[in-house]
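Chemist: Sequence and predicted structure, then a few things I'm wondering about:
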Amino acid sequence: PTSTTIALGGDKLVKAVHTQVVSDIRAGWSASWKDRKMQSAYFGELSNTNNDEMASMLIEIAFHDLKADTDALKEVTFRRLYARAIYKGISKYFADLAGKAAVYLPEPPTGITARGSGGGQVTLTWTAPGSGGVLGHAATSYRVYRGTQGYAFDNGTDSGGKTTLTLKGLNSGVIHYLRVAATNAGGESLPSPTLAVKLSTGGGKVPGLLVTAAPRAAADMNPRITYTKLGKVDRLFVERINSGDYLVPHGRALAGAKLTSFDACSGDAVESGAMNPGGYKLVIWQGGRGTAGARGISAKASAALDKAAKAGASIIISGARVARTLGGAGATSADKAFLSQTLGASHGASTSLYTGASATTTGALAGVQAWTLGTLTAGPYEVGIPDVIKASGGGALAANYQAGMGAVTQRRASGGPCGVLMGFPLEGVLPSTRQGQILSRLVTYCLPTAPPADGAPQPDGPRLDGSVSEPDAGRKDGAGPAPDGNKPL
């Protein structure tokens, strides 16, 4: 480095970032990742002639002519890993200048739950995120954001360091969208997945539960666009890979359904036991394009849903990888039994790019007009190859793809709950108005008798939420002021 570079601190900046990037990539991606060392050369954008005011550097993370490098660059997890490492290195550089210890912003919280408790209140709980190593530092508090539009939120309410918060004074009968971010002295994390809840107008039990369970973000989900001179190119648009807000279209689709109120949670909350789906009359599971390891649904989640169904809950699942997970290669006998005996389906094939579906004339969706599935240019993302499913275990087909291949199955136990499986993600249905028509019909099928009015006495026997008539155990609520703007937008 030149004397000017040293005077500006460029050598210290480069060392801080280089050390962090190499350390984190080796720890979080590949222990054999090659360290190409720090270099000093004449670069116009960094030369003393053009820049004599601040420390600067150029970073070359990977190379397009090395397959291992390009494969890594296509992965969201790798790009997040090195972006975080660069940020941490820069933060350390400035912290060293100030003579302080660096504090790195935390990771997003996990295991989010949102439960309506009547009287315009909703209580959220979550799990503190991991910290240390390649991650950020521990969270010291959290902010809960709320909105009624789905993609715009208020300024947030601080939880006071707790992993729970009760929002008060919210409008009942309105769908509220919620998300949580972790905070510390280093800043604020990315937000959690967005939840959608509808508050009851009284103190009755909540009949519905919405679950967002599609955290997967992998290279095979990248939009692959064909260019005249380049051929097929992976575009790395994160919002077209996994935006984390897929309960927003689910909430909007339920606006006209006869589901008086519903709670919500993330899929990992079900897996950990923080949310019991067996406490509800109807569970709607958003499976999107799957979970980690290319599974459409985790083993813990399917076991929890199977238990809920046996306790009397109706189950509606949508997702492009659920049937192949529960009925394809590697599926356990328990997986196949849940697929057949609860959802009325078996796995057919998942090899063709079906672009739409239409309702059968006798199923729960009869009368709903045909729909298409998301593409590179339409919808939230390209749905790709959906699951083909067959009726099994007393189930029946409610919709087919082209050439009569099964798209939706329905099954109702004698005098009991129902099971529905869509071989595609509901949020990928176009036009978006069709999502509401599909979900409303399925809710009607699963709840043929409308739930009693909120707060109304319930008959003897099983309650709407499937629980026994015991006092509510109560929740440890964190107090918080009501956010501004409680009226629907």
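Modeler: Great, that's in hand.

Chemist: where does the stretch 251-400 of the chain have low pLDDT?
Modeler: 292-293 (pLDDT under 70).

Chemist: residue ranges of the strands in it, please?
Modeler: With DSSP state E, counting those that start in this stretch applied, the stretch 251-400 of the chain shows strands at 262-266, 282-286, 314-318, 345-349, 356-359, 371-373, 388-391, 396-401, listed in chain order.

Chemist: Make a markdown table from those and add distance to Gly10 and mean neighbour count to it.
Modeler: Bear in mind the C-beta positions are built from the backbone N, C-alpha and C, glycine included. Formatted as a markdown table, the strands of the stretch 251-400 of the chain follow (distance: least, CB to CB, whole Å; neighbours: other CB atoms under 10 Å):
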| stretch | distance to Gly10 | mean neighbour count |
| --- | --- | --- |
| strand 262-266 | 43 | 29 |
| strand 282-286 | 48 | 27 |
| strand 314-318 | 52 | 27 |
| strand 345-349 | 58 | 23 |
| strand 356-359 | 56 | 20 |
| strand 371-373 | 51 | 21 |
| strand 388-391 | 58 | 22 |
| strand 396-401 | 58 | 23 |
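
Chemist: Distance to Asp69 for those strands - can I get that in a markdown table?
Modeler: Shown next, in a markdown table, are the strands of the stretch 251-400 of the chain (distance: least, CB to CB, whole Å):
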| stretch | distance to Asp69 |
| --- | --- |
| strand 262-266 | 33 |
| strand 282-286 | 34 |
| strand 314-318 | 36 |
| strand 345-349 | 35 |
| strand 356-359 | 38 |
| strand 371-373 | 33 |
| strand 388-391 | 36 |
| strand 396-401 | 38 |
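
Chemist: Compare the ones you listed and report which one is nearest to His64.
Modeler: Put simply, out of the strands of the stretch 251-400 of the chain the one that sits nearest His64 is strand 371-373, at 32.0 Å, with distance taken as CB to CB.

Chemist: Would you confirm that Phe262 contacts Val211?
Modeler: No. Contact criterion CB atoms under 8 Å: Phe262 and Val211 do not qualify, at 10.4 Å.

Chemist: shared neighbours of the two, anything?
Modeler: Common contact partners of Phe262 and Val211 (CB atoms under 8 Å, 6 or more residues apart in numbering): Ile284.

Chemist: Where does the prediction get shaky in the stretch 1-150 of the chain?
Modeler: 1-7, 48.

Chemist: And the helix ranked longest in the chain, what does it pack against?
Modeler: Using DSSP state H to assign secondary structure, the helix with the most residues in the chain is helix 76-97. For helix 76-97, the elements it packs on are helix 10-28, judged by 3 or more CB pairs under 8 Å, 6 or more residues apart in numbering; DSSP states H and E.

Chemist: out of everything not next to it in sequence, what's closest to Ile86?
Modeler: Once flanking residues are discounted, Ile86 sits nearest to Val17: 5.8 Å by CB to CB, 6 or more residues apart in numbering.

Chemist: wait, I meant Pro386
Modeler: Spatial nearest neighbour of Pro386, excluding adjacent residues (CB to CB, 6+ apart): Phe424 at 4.0 Å.

Chemist: hang on, isn't Gln341 packed against Gly393?
Modeler: Yes. Shown here, Gln341 and Gly393 form a contact pair, counting by CB under 8 Å, at 4.9 Å.

Chemist: ranges for the helices of the stretch 301-450 of the chain?
Modeler: 322-327, 333-337, 432-446 (DSSP state H, counting those that start in this stretch).

Chemist: tell me which residues in the longest one are buried?
Modeler: The neighbour-count criterion (16 or more other CB atoms under 10 Å) identifies 434-443, 445-446 as the buried residues of helix 432-446.

Chemist: Count the neighbours of Asp24 for me.
Modeler: Number of residues near Asp24 (other CB atoms under 10 Å) recorded here: 21.

Chemist: contacting residues for it?
Modeler: For Asp24, the contacting residues are 81-82, 84-85, 88, 134, taking CB under 8 Å, 6+ apart as the criterion.

Chemist: Looking at the residues you listed, state which has the most neighbours.
Modeler: Tallying neighbours with other CB under 10 Å puts Lys88 at the head of those, with 25 neighbours.

Chemist: In this structure that one contacts Ala102, no?
Modeler: Yes. With contact defined as CB under 8 Å, Lys88 reaches Ala102; the gap is 7.3 Å.

Chemist: any idea which residue sits dead centre in the protein?
Modeler: Gly244 (4.2 Å; CA atoms, centre = their mean).

Chemist: which stretch of helix or strand covers it?
Modeler: Under the criterion DSSP states H and E, no helix or strand holds Gly244.

Chemist: With just CA atoms, put stretch 143-150 into CSV.
Modeler: Taking Å, rounded to 0.1, in the frame of the first residue of the first chain, the C-alpha atoms of stretch 143-150 are listed here in CSV:
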residue,chain,number,x,y,z
ARG,A,143,-39.9,-4.5,17.2
VAL,A,144,-43.3,-5.8,16.2
TYR,A,145,-44.7,-4.2,13.0
ARG,A,146,-48.4,-4.1,12.0
GLY,A,147,-50.4,-3.1,9.0
THR,A,148,-53.7,-3.8,7.4
GLN,A,149,-52.5,-3.7,3.8
GLY,A,150,-49.9,-6.5,3.9
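
Chemist: who touches it?
Modeler: Identification of contacts with stretch 143-150 by CB under 8 Å, 6+ apart yields 124, 153-159, 165, 167, 170-171, 174-181, 183, 188, 191, 194, 196, 245, 248, 251-252, 480, 483, 487-489.

Chemist: I'd like to know which of the residues you listed are part of strands.
Modeler: Using DSSP state E, the members of those that fall within strands are 124, 157-158, 165, 167, 175-181, 183, 188, 196.

Chemist: Out of those residues, who's the most crowded?
Modeler: Leu124 (30 neighbours).

Chemist: Can you give me every residue that contacts that residue?
Modeler: Taking CB under 8 Å, 6+ apart as the definition, contacts of Leu124 comprise 112-115, 144, 164-167, 178, 180.
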